[in-house]
Each structure stands twice: as structure tokens, then as C-alpha cells.
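**Student:** My questions are about this predicted structure, shown below with the sequence.
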Amino acid sequence: MSIRHFCLFCFVLLFSARCASNGEGLGYDPEATLSILEASANPDASVKPDASVEAGVTPGEVALESVASVEATKELAPSVEPTSEKAQDAGGAPGSEPKRELVPEKSQPKESAPERPKEVAPERPKPACPWGKKGTRKLSQVLCYLDSQVKSSIRNHPFLLDGEEIVLIGLKTEKRVELWKKHKGKHVYIRSYRFTGYSGVLGPKLREGDLQIPEGLYVISYMNPNSSFHLSMKVNYPNAFDRAKGKLDRRTRLGGDIFIHGKTVTVGCIPIGDSAIEELFYIIGKNGYKNTRVILAPWDFRTKGNFPSISTVTWENELYRKVKQALLPFQPAPGILP
């Protein structure tokens, strides 16, 4: 057997094995292979040629044609794509029923703690006196009406109505009114009321319509139970100091009608809201409004000692020294003020 025939023999065996491994079995004929081998071993032997030999086709060409036919058959056969790992993960092995995608169950809402019942403010007791129609109310009537409404809120300070001096401290920068009561020879801090509105800038009130809240030392001169701002207490601006400085500066229309009142609007007064003015109005009315002083400052000189510079006047330091001196007796305990 020549090398050429041996190579052809090996090629046929390999091709046959390949087909067998693929399960195809195409193009492999044991008898044809045997005849090719015998012809290769004995070229002179009389072997009945098959149709391909008669047609002048060599055994190698037959083998090549067999390979071509197998390849063509593979091309015509329906292709089966390999199953990817992702597809197997989603649908399992080829031919098996696809896996159903697991959908997480909706988490059940946690049982919430039972809602606490809403706190309902206790109803105010029925007043002993009617509120009355605006324009017809008297101070004594309003104080009688407020007696059942306010008295419970001040029960911890029974001395508030004993007739001793009350001092109100109004601070423009801090926007609060402090209530102090003289008790056993010294002033006691009671509580604070927040401004609910504000107008003007730092500095004293100088003229009518300037929207300024006054600064200085005043008293309550009148209580108005028929106010358009619920209830109000008049501050005696302009006082003697204001009039003297107005004369010095040749100012004549100094303005007036400065009140501490309810509601939330202002054009130079001090609003503190309706509930707060009811309480303060009652305390001052019952204690005696003529025993009430009012200190109005641009800011709290007890904690901030310097004075603001006011460009419209030349006497602001004189005024602020008086105000700072008046504030000295009113020293609250640390952390007590809002």
C-alpha cells in the first residue's frame, strides 16, 4: 500500500467516525471501503468497478464527493441553536418545560399600632356674662366674660391679681412681650407673648404715619373692650420725653394711638393674637391697669449691651441709657426666656 492509499484510508476512517459520532451515518459504506482498500493493495486484481469507476472517477474523488454530500445534507438539515446559559436559567434544559418566573408575593402590610385618639381641647366653661355687641361692651362686662375663660390658666399665680405692680417689657428685635409681676418686694417673671405682626424699623417713633413702634418708658393709659382688633390696651405715647425731643427737633405731629392688641396686623402697634390679648387684658384689667408700666426697647439690653445707631436723631443714646437702666431689675433665671 502506497502512502497515498494509506492517507486516503485514514481519511475515510476519520470521516466515517465523525459521521457515526454525530448520529448521521451518511456516506459510510463498509463494502465500498473494503473494495477501495483491496484495490489499493492490489492494483492488478480484477475488481468489478462500480458506477463511479466506470465513469472514470477515482476513489479519492468518491470520498470527496461523499464529504461534500454530507456537508450539503447538514446545511439543508434544520439547525438547532445551542441553548445559552441565560436561556437555560430561564427555561431549563432543552426540551423541558420552561420554568415559571417566580414573582415575590406582595408583602403584607405590617399591623400598625392603633391610632391614639386625638386630644380634644377641653371646652371652655360657659361664661357668666355675655360678650356683648361691639360698641356697647363695658370693661367690667368683658372682664366678667373672661373670668371663666382665663382664670384657670393663671391659677398657679394667684398673686397676679393682688393689685401690685405689673411690668410689660416689649422687645422689638426679639418680637416678644414679657409679663412681670411684683411679688414680695421683687419682680417675678410670669410668661412671654410673641408678636404676631410687626412694622417699622429699629429706632423711636418720631411722627404720625411712620409705622414705628415707640421706644421708651410708658404706662397703660386706657383699656378698650370695643377694639377693632378684638381687645386692646393703649400705651401713653407720646410721653413727656417724646414731646420734649419733638420740640427740640421742631416736630409737631408726633402721632399717637399706640396699642397692644389682638389679631395679626399692625401699623405701629404691638399685636399678640386674640388668645394672648384675652389673657393679658384680663390680668391687667383685674389687677388694675393704672398699676402697669411698659418698657419698649429696640433689643434686649440685658443680653446685648450696645446701642443701635439711629441716623434720624442725635439723642438716641440718652434714650437707650434710660431704657437699659429700667431693665436692670428684671433678670430672669438662665434658660427661662424663650
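**Tutor:** Noted; the coordinates are in hand.

**Student:** residue ranges for the helices of the stretch 201-338 of the chain, please.
**Tutor:** Under the criterion DSSP state H, counting those that start in this stretch, the stretch 201-338 of the chain contains helices at 240-248, 274-287, 316-327.

**Student:** could I get these as JSON lines with mean neighbour count and mean pLDDT?
**Tutor:** C-beta coordinates here come from the backbone N, C-alpha and C atoms, glycine included. Shown next, in JSON lines, are those (neighbours: other CB atoms under 10 Å; pLDDT from 0 to 100):
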{"stretch": "helix 240-248", "mean neighbour count": "15", "mean pLDDT": "97"}
{"stretch": "helix 274-287", "mean neighbour count": "21", "mean pLDDT": "96"}
{"stretch": "helix 316-327", "mean neighbour count": "16", "mean pLDDT": "97"}
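
**Student:** May I see those helices arranged in TSV, with distance to Gly335 as well?
**Tutor:** Listed next are the helices of the stretch 201-338 of the chain as TSV, based on distance: least, CB to CB, whole Å:
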stretch	distance to Gly335
helix 240-248	34
helix 274-287	22
helix 316-327	18
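
**Student:** Nearest to Val142, out of the ones you listed?
**Tutor:** Val142 lies closest, by CB to CB, to one member of those: helix 274-287, at 7.5 Å.

**Student:** pLDDT weak spots in the protein?
**Tutor:** 1-125, 338 (pLDDT under 70).

**Student:** According to the record, where do the domains of it fall?
**Tutor:** 3-70, 139-327 (automatic domain parsing).

**Student:** measure the last one end to end?
**Tutor:** Spelled out, it's domain 139-327. End-to-end distance for domain 139-327, by CA to CA, to the nearest Å: 30 Å.

**Student:** Ok, stretch 174-187 next?
**Tutor:** 21 Å.

**Student:** Then stretch 260-271?
**Tutor:** Stretch 260-271: ends 6 Å apart by CA to CA.

**Student:** Need the contact partners of that stretch.
**Tutor:** 168, 170, 177, 195-200, 205, 210-214, 227, 229-233, 235, 255, 258-259, 272-274, 276-278, 280, 294 (CB atoms under 8 Å, 6 or more residues apart in numbering).

**Student:** circling back to that earlier point, need the winner for burial among the domains of the chain.
**Tutor:** domain 139-327 (a mean of 17; mean count of other CB atoms under 10 Å).

**Student:** ok, the closest residue to Thr252 other than its chain neighbours - contacts?
**Tutor:** Closest residue to Thr252 apart from its sequence neighbours, by CB to CB, 6 or more residues apart in numbering: Gly246 at 7.0 Å. Gly246 sits next to Leu206, Pro238, Thr252, Leu254 when contact means CB under 8 Å, 6+ apart.

**Student:** do you know how far Val188 is from Arg176?
**Tutor:** In this view, Val188 and Arg176 are 17 Å apart by CB to CB, to the nearest Å.
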